[in-house]
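Colleague: I need the structure of the sequence given here:
(chains A and B)
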Amino acid sequence: MLWYKAWLETRFRFIASAVLVIGCCAFFVLGNPFILGTWREWQQQHPHEVEQAWILRATGDYPYFIWHFVFRLLLQQLWVLCAVLIGLGGLSREAAQGTSGFTSSLPVSRRRLMSVRSAVGGLEMAMLGLIPSLLIPLLSILIGKPYPVWQGVSHSFLLVLAGLLFFSLGVFLSTIVQSEHGPTLLGVAFVALFYFILTPYSEEGVSEPLWLRLIDVSRVMAGPPYLLSMGAFPLWGVGLSLSAAFGLFYLSVRMTEQRDF
Amino acid sequence: MSTAILETNGLTKHYGNFKAVQDLSLRVQRGSINGFLGQNGAGKSSTIRMLLGMMRPTAGSGRIFDLQIDKPDESIEIRKRAAFVSEDKRLYDYMTVAQIIHFTRSFFPRWRSDLEQRMLREFGLPLDRKVKKLSKGMRTQTALLLAFCRGAEILILDEPTEGLDPVNIEKVLQLLVAFAAEGTTVFFSSHQIAEVEQIAEHIFIIDKGRLLVDDSLDRMKEEYRRISLVFDNPPEPSSFALDGIERITTADRTMSIFASGNADRIVAQAKALHATSVEVLPVNLKEIFLEGLRAR
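Modeller: Have a look, this model is predicted:
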């Protein structure tokens, strides 16, 4: 029944996130002809302006267009925000809401409470990651531009595995900040700051300083535009990101186990 | 053989420099009803939370069913056999009454469905209403149902009747008496001293984290007395250096002695000191509680 409780706690956030993810995918797939048309129009009106390399590439390469907008930028940012928000919760947040007394009186360990809560959240994040991998190929048929399912699945795989770090961040924020809205505000601010710092380096070919490259989970989540072989997968990055996610989660569990409620 | 179901020894809880509970030693007998009294901030809730493993004691130890309260694994075993109602009675706002009953029932194999149906009927709780839309009284009733139906061997209740109307308070008190008659131990805190006096057999009074009174209610009613004395020339309070005197107040020619026992010897001493009038009055629990706090 802890699974049921965790589902009830997160279902609105999950459904809202799913709607946003579906909306984002639909916008970029179904809107592809419109976006390309707008670019062409702009080019005709400004024939002397030099177009950015990624626009030129995205104009003629549909999978690259999808990768750039969906997996590299907007969907990823949306997914990360949802991951942090769905991660928020747990016993510390219940303490702020006043229900920790009831939950703590149940014959269940705090570790199990947190594990079940996180497992449900993790599954929801995986489902949110899977939506684009299935929806994009399906919607692409409608605009007559095929998009390989395996490509979508591969990108979703990276998005979810590397992005679990942000889910753990939500769990961690809920653990260390004992207030109802504090962790939410901090989480949103963190995501905004993270992507604000990364914005100048979001285009291909712009190299990041070393310190940023070390923390740029975003690049790992996106992977390269084409994932044609196992060698193309940033497995080290995924491994490090997953390790950090488990580390944060473990720290949150230990802190919750030690805390008074 | 000891019949204590709950026992603490030197239980202590500090929050930084604040000493919430200090050296608290309690023994609660199986099948008894125990009132746990104290002012706000006296340390009642902290004690209860330590008993249920929600807080770690700074020092001391405690056992329920011979299981250590501060060992996480044993605490889970305690919570399988104990029921708890917290002071604020906050439940999951996003669940309906039916959902939260269904959820709670799944953790307790000895769930009492008969009692669940009876309480639902008597309290008139709406099963399909979300907890967040319940009135304060209904929320308390729901919290009590969720605790009482666990089939627990001990009920640990923090202000169980708070927010209830007098009719429902009476129903709850009668339920507690019925539980005790079946062998369930009841340990409850309350600010409503009349309620405690109505059903409790044993009283614990705590003040500033320290145990002030640990006595059976019957003995307290038998032994505690207010002795009102009138003198032509009131003697110094030190003339009454006798056991059992908790507090002496003098106003004009009248001396009032609050005693926890030994009334006969105090009266004899008053007569020896030429009291012109001696009146020995019984006291109720409220007076014992208030005088106990004033005496400190």
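Colleague: going forward, measure contacts between C-alpha atoms and count neighbours the same way
Modeller: Fine.
Colleague: spell out which parts of the stretch 101-250 of chain A neighbour chain B.
Modeller: Counting by C-alpha under 8 Å from any C-alpha of the partner chain, the stretch 101-250 of chain A comes close to chain B at A:101-102, A:104-109.
Colleague: and if we set it to 10 Å?
Modeller: A:101-110 (C-alpha under 10 Å from any C-alpha of the partner chain).
Colleague: spatially nearest residue to whichever residue of the stretch 101-250 of chain B sits closest to chain A (excluding sequence neighbours)?
Modeller: As assessed by C-alpha to the nearest C-alpha, chain A sits closest to B:Phe103 within the stretch 101-250 of chain B, at 5.9 Å. Leaving aside its sequence neighbours, B:Phe103 sits nearest to A:Met1 (C-alpha to C-alpha, 6 or more residues apart in numbering or on different chains; 5.9 Å).
Colleague: my guess is that neighbour contacts B:Arg105. True?
Modeller: Yes: at 9.5 Å, A:Met1 and B:Arg105 qualify as touching, with contact defined as C-alpha atoms under 10 Å.
Colleague: how about the helices in the chain?
Modeller: Picked chain A for this. Counting by DSSP state H, chain A has helices at residues A:2-30, A:32-45, A:53-60, A:62-66, A:74-87, A:91-97, A:100-104, A:110-142, A:149-176, A:182-198, A:210-215, A:217-222, A:235-258.
Colleague: the intended chain is chain B.
Modeller: B:44-51, B:72-81, B:97-105, B:113-123, B:136-148, B:166-181, B:193-199, B:217-223, B:263-272, B:285-294.
Colleague: what's in contact with the last one?
Modeller: Outside helix B:285-294, the residues within contact range by C-alpha atoms under 10 Å, 6 or more residues apart in numbering or on different chains are B:37-39, B:192-194, B:196-198, B:203-208, B:212-213, B:217, B:220-221, B:224-226, B:246-247, B:258-260.
Colleague: what does the domain assignment say about chain B?
Modeller: Following automatic domain parsing, chain B resolves into domains at B:4-219, B:224-294.
Colleague: looking at those, spot the one closest to A:Met230.
Modeller: Nearest to A:Met230 among the domains of chain B is domain B:4-219 (44.2 Å), distances taken as C-alpha to C-alpha.
Colleague: okay, and for the chain, where does confidence drop off?
Modeller: In the absence of a named chain, chain A is used. A:51, A:204-205 (pLDDT under 70).
Colleague: that's the other chain; I wanted chain B
Modeller: In chain B, residues with pLDDT under 70: B:1-2, B:295-296.
Colleague: name the helices or strands packed onto the longest strand belonging to it?
Modeller: Taking DSSP state E as the assignment, the strand of chain B that covers the most residues is strand B:4-15. Contacts defined by 3 or more C-alpha pairs under 10 Å, 6 or more residues apart in numbering or on different chains; DSSP states H and E place strand B:4-15 against strand B:18-24, strand B:27-29, helix B:44-51, strand B:59-64, strand B:67-68, strand B:185-189, strand B:210-216.
Colleague: most tightly surrounded among these?
Modeller: Most buried of these by mean neighbour count (mean count of other C-alpha atoms under 10 Å in any protein chain shown) is strand B:185-189; its value is a mean of 26.
Colleague: in its sheet, what does that strand sit against?
Modeller: Strand pairing for strand B:185-189, using DSSP bridges, gives strand B:33-37 (parallel), strand B:154-158 (parallel).
Colleague: in a markdown table, list the ones you listed along with mean neighbour count.
Modeller: Formatted as a markdown table, the strands paired with strand B:185-189 follow (neighbours: other C-alpha atoms under 10 Å in any protein chain shown):
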| stretch | mean neighbour count |
| --- | --- |
| strand B:33-37 | 26 |
| strand B:154-158 | 24 |
